[in-house]
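> I need the structure of the sequence given here:
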Amino acid sequence: MKRYLQRLAFAAVGFSSVLLFVGAMRAQNPPAQAPSLPPAAGAGQRGAQAPGSEQGWNRFQTRGCALCHLNPTEKAPTGVQIREMTPERIYASLTTGSMQMQAQSLSDGEKRVIAEFMSGRTLGSAAVGDAKNMPNKCPSNPAMTDPARSPSWNGWGSDMANTRFQPAQAAGLTAAQVPQLKLKWAFGLPAGMTSSSQPTVASGRVFFGSDNGFIYSVDAATGCVYWSFENGSIVRGAVTVAPISGQGASRYAVYFGDGRADVFAVDAQSGKQLWKTKVDPHVVARITAGTKFYNGMIIIPVSSSEEFASGNVDYPCCTSRGSIVALDANTGKQVWKYWVVADEPKPVKKNANGVQIYAPAGGSIWNSPTIDPDRGAIYFGTGDATTAPSPLTTDAIVAIDLKTGKFLWTYQADPNDVFMGGCGTPRSEACPTPNGPDLDIGNSPILKVLPNGKRVLLTGTKRGHLIALDPDNKGALLYRVTAATGAAVVPSAAPAGRGGGAGGIVWGGAADAQNAYYGLGAPGLVALKPDTGQTVWTFNGGGSMGAAPTVIPGVVFESSGNGRLFAVSTADGKQIWDFNTNQEFQTVNKVPAHGGAISVSGASVAGGMVFISSGYAISSAASGGNVVLAFSIN
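Residues are numbered from 1 along each chain as shown. Model (predicted):
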């Protein structure tokens, strides 16, 4: 997720200053005639616009617009106001409205990137994304059964411990059957540019979001669509289906967060909104990871794209802090909130141009939290700090109390990591020295019971280290090894080298009774012993493997940045099946669709079927896409 944000987040805080003024002027003086939008491009075409975001950001800096519109003044509107606008409204202001002259040096592609990032959705998506306009509407909408009584893959990790393991009965798929898997159906995301919302399977339905501002409910067996819900902003993480009460006849809700840090409860049967709560008012706060349901609460991780352009001398860096928020699942009211960076940002000094600098900040949470009912605890990984010094809760595994959100303990994997983007020339005095190396823990911790009955909490780092902690002894370190080799890591006071390299662990792992499995980028997929960290085998499918793996008895599914989905034997790491998703598809809803990189979300397996979203454009070199695929042996 984070690397995709980097493509567009240069626009998030840089271009937003143009947009801030655009929004207010657009509201007062709308153009006489709205511009005709360029035709909605396919996923591959949209991916080609990625380099333009950096070019546009650099042009914006030379005009100094941020000085007026990202700093508090009497006349400048806020970025939050802009983020509530549609991409069409922003685009109109830049092309034919009050900001036409100021934006005349921007290419059309740059204007689109601005409009789409700040609104959190793709241009033209509102007109084409509604399920009511699709030809594959389900002929009926029978009452949903209890999700707990049928095979499901509910949320990111499928269980509270984030093992990403599906037992045989729920999987409905054996290792012997996997080589017979064939494409059952493909669903195209209208006006989609990047596909990263991991499918959730519950009650024979599949729920997923998109970058087009809609989430969808479709039939698992056929792909026919029951309903769509327009929330207005991108949904990246896995949604959660859980019971709800006190909302009329609604029995089950779909819970999810979006690109504006809004959290929704939507009736799982009909798609009707039940409640909506904003969990962070910061202009670029967002939710990029899956929600968790436990004991009547929805637990939400909050991240931000602030660090990617906060080195601009005209930007009042930095004020965004990562957090975990618990809401009452029935009402959406806040139960508690935990801040990764405990202290509120305060003014510390000013840039030479008079722009105020703040601290402390940072600690975005990019992963779905892990629930430990035995300890009454929640575990999650955190991102780097954006201001120095880095708190012990950044680049760390943090444990907090499940009932109150109060801090329990932390294990910091990499100290002294302070990072922000845009620290070029001219350079903001907020820029850290050294800058980086940007070593967030973006993957969900895995809580595992070992054969001897003891428990272990596993996580990976962007330096390629597998870390095992003792959840029953305040996170005491059990071992730390290089995942590719199993060699013990010598402790170091400061991180060396930049994160996210060829052997880095970014988005997660899976675990069964024998092994833990992690994608290591270019080295491939590795299996390790969870009690010792010893490497068992490595599989290299010819492409970078950073997505979260999924395991069923005998088989681990892993995907690659070149769009291939692999099934590998858990016994010896040998390939038993693969499918190339990086191609065009005929879709059940007749939307032109193309797959691409699969670099974050993994496969969801339930009821004899495998589901995956394809086309996650996390960098200018990645291949975007707009398709959700379903496989079965029938």
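> how about the helices in the chain?
Secondary structure of the chain, counting by DSSP state H: helices at 2-10, 16-28, 43-47, 50-63, 66-69, 79-83, 87-95, 108-119, 125-128, 168-171.
> avg pLDDT for the first one?
Right, the one you point to is helix 2-10. On average, the pLDDT along helix 2-10 is 38.
> ditto for the longest one
In this model, helix 50-63 has a mean pLDDT of 34.
> equivalent analysis for the third one, please.
Summarised as a single mean, pLDDT over helix 43-47 is 40.
> all strands of the stretch 201-350 of the chain, in order?
According to DSSP state E, counting those that start in this stretch, the stretch 201-350 of the chain carries its strands in the segments 205-209, 214-219, 225-230, 240-243, 252-257, 262-267, 273-278, 285-286, 292-294, 297-304, 323-328, 334-339, 346-350.
> okay, the ones you listed in CSV with mean neighbour count next?
Quick note: C-beta positions are derived from backbone N, CA and C, even for glycine. Formatted as CSV, these follow (neighbours: other C-beta atoms under 10 Å):
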stretch, mean neighbour count
strand 205-209, 27
strand 214-219, 26
strand 225-230, 21
strand 240-243, 23
strand 252-257, 27
strand 262-267, 24
strand 273-278, 16
strand 285-286, 26
strand 292-294, 22
strand 297-304, 28
strand 323-328, 23
strand 334-339, 17
strand 346-350, 11
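> which among the ones you listed is found nearest to Asn452?
strand 292-294 (27.2 Å; C-beta to C-beta).
> list the contacts of that closest one.
By C-beta atoms under 8 Å, 6 or more residues apart in numbering, the residues outside strand 292-294 that reach it are 155-156, 160, 240, 242, 255, 298-299, 329, 368-369, 371, 373, 402.
> name the nearest of those residues relative to Thr394.
Pro369 (16.4 Å).
> got the contact list for the closest one?
292, 299, 301, 324, 378-380, 444.
> let's see 6 Å
292, 299, 378, 380 (C-beta atoms under 6 Å, 6 or more residues apart in numbering).
> any chance of the residues you listed in CSV, with distance to Phe207 and pLDDT too?
What follows is these, written out as CSV (distance: C-beta to C-beta, whole Å; pLDDT from 0 to 100):
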residue, distance to Phe207, pLDDT
Lys292, 15, 97
Ile299, 18, 98
Ile378, 23, 98
Phe380, 23, 98
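> which member of these is positioned nearest Phe611?
Distances from Phe611 to these, taken by C-beta to C-beta, are shortest for Lys292, at 19.7 Å.
> how close does Cys318 sit to Ser560?
Here Cys318 is placed at a distance of 34 Å from Ser560 (C-beta to C-beta, to the nearest Å).
> let me fix that, I meant to ask about Ser601.
Applying C-beta to C-beta, the value for Ser601 to Ser560 is 13 Å.
> also Lys132?
Using C-beta to C-beta, one gets 36 Å for the distance from Lys132 to Ser560.
> which one's more surrounded, these two?
Ser560 (27 against 8; other C-beta atoms under 10 Å).
> so what does that one have for phi and psi?
Backbone geometry at Ser560, expressed as degrees, to the nearest 10, gives phi -130, psi 170.
> help me confirm that it comes into contact with Met545.
Yes - using C-beta atoms under 6 Å, Ser560 is in contact with Met545, at 5.2 Å.
> circling back to that earlier point, how about TSV for the contacts of strand 292-294, with distance to Pro389 added?
TSV is the format used below for those (distance: C-beta to C-beta, whole Å):
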residue	distance to Pro389
Gly155	35
Trp156	31
Met160	34
Thr240	36
Ala242	39
Tyr255	36
Ile298	33
Ile299	29
Ala329	37
Ser368	28
Pro369	26
Ile371	31
Pro373	35
Leu402	29
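> now do the nearest residue to Ala617 once chain neighbours are set aside against Val506, distance only.
Spatially, and ignoring its direct neighbours in sequence, Ala617 is nearest to Gly624 (3.4 Å; C-beta to C-beta, 6 or more residues apart in numbering). Using C-beta to C-beta, Gly624 is found at 18 Å from Val506.
> one more: Thr394?
For Thr394 relative to Val506 (C-beta to C-beta), the value is 17 Å.
> more neighbours: which of those two?
Thr394 (32 against 29).
> if we can go back for a sec, and of the strands of the stretch 201-350 of the chain, who's closest to Pro432?
Here strand 346-350 is closest among the strands of the stretch 201-350 of the chain (C-beta to C-beta), at 13.0 Å.
> where does the chain dip in pLDDT?
Low-confidence segments of the chain (pLDDT under 70): 1-77, 491-502, 618-622.
> domain map for it?
Per automatic domain parsing, the domain ranges recorded for the chain read 2-119, 131-632.
> pretty sure Ser203 contacts Thr145?
Yes - between Ser203 and Thr145 there is a contact under C-beta under 6 Å: 5.0 Å.
> these two: which has the busier surroundings?
Higher neighbour count among Ser203 and Thr145: Ser203, with 23 against 13, using other C-beta under 10 Å.
> who's in contact with the residue nearest to that one when sequence neighbours are not counted?
Excluding the flanking residues, the one nearest Ser203 by C-beta to C-beta, 6+ apart is Met144, at 4.5 Å. Neighbouring residues of Met144 by C-beta under 6 Å, 6+ apart: 203, 252, 268-269.
> and the gap between Ala161 and Ser310?
35 Å.
> who's more crowded, those two?
Taking other C-beta under 10 Å, Ala161 and Ser310 do not tie; Ser310 has more neighbours (31 against 22).
> and the gap between the more buried one and Gln586?
Ser310 sits 44 Å away from Gln586, going by C-beta to C-beta.
> so how many other residues sit close to the residue nearest to Ala617?
31.
> wait, it sits on Ser195?
No - Gly624 lies out of contact with Ser195 (C-beta under 6 Å); the separation is 7.7 Å.
> overlap of the contact sets of these two?
Contacts common to Gly624 and Ser195, judged by C-beta under 6 Å, 6+ apart, are Gly615.
> only alpha carbons, please: show stretch 535-553 as PDB.
Output in PDB follows, covering the C-alpha atoms of stretch 535-553 (Å, rounded to 0.1, in the frame of the first residue of the first chain):
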ATOM      1  CA  THR A 535      14.600 -22.000   6.900                       C
ATOM      2  CA  VAL A 536      12.900 -25.100   5.500                       C
ATOM      3  CA  TRP A 537      12.700 -24.300   1.800                       C
ATOM      4  CA  THR A 538      12.500 -21.400  -0.700                       C
ATOM      5  CA  PHE A 539      10.400 -21.000  -3.800                       C
ATOM      6  CA  ASN A 540      11.300 -18.600  -6.600                       C
ATOM      7  CA  GLY A 541       8.600 -18.100  -9.200                       C
ATOM      8  CA  GLY A 542      10.600 -15.600 -11.300                       C
ATOM      9  CA  GLY A 543       9.200 -12.400  -9.900                       C
ATOM     10  CA  SER A 544       9.200 -10.400  -6.800                       C
ATOM     11  CA  MET A 545       6.900 -11.900  -4.100                       C
ATOM     12  CA  GLY A 546       5.800  -9.400  -1.600                       C
ATOM     13  CA  ALA A 547       2.100 -10.200  -1.200                       C
ATOM     14  CA  ALA A 548       0.700 -11.900   1.800                       C
ATOM     15  CA  PRO A 549       0.600 -15.700   1.300                       C
ATOM     16  CA  THR A 550      -2.400 -17.900   2.100                       C
ATOM     17  CA  VAL A 551      -2.200 -21.500   3.300                       C
ATOM     18  CA  ILE A 552      -4.500 -24.500   3.300                       C
ATOM     19  CA  PRO A 553      -3.500 -28.100   4.300                       C
END
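> right, I'll leave it there.
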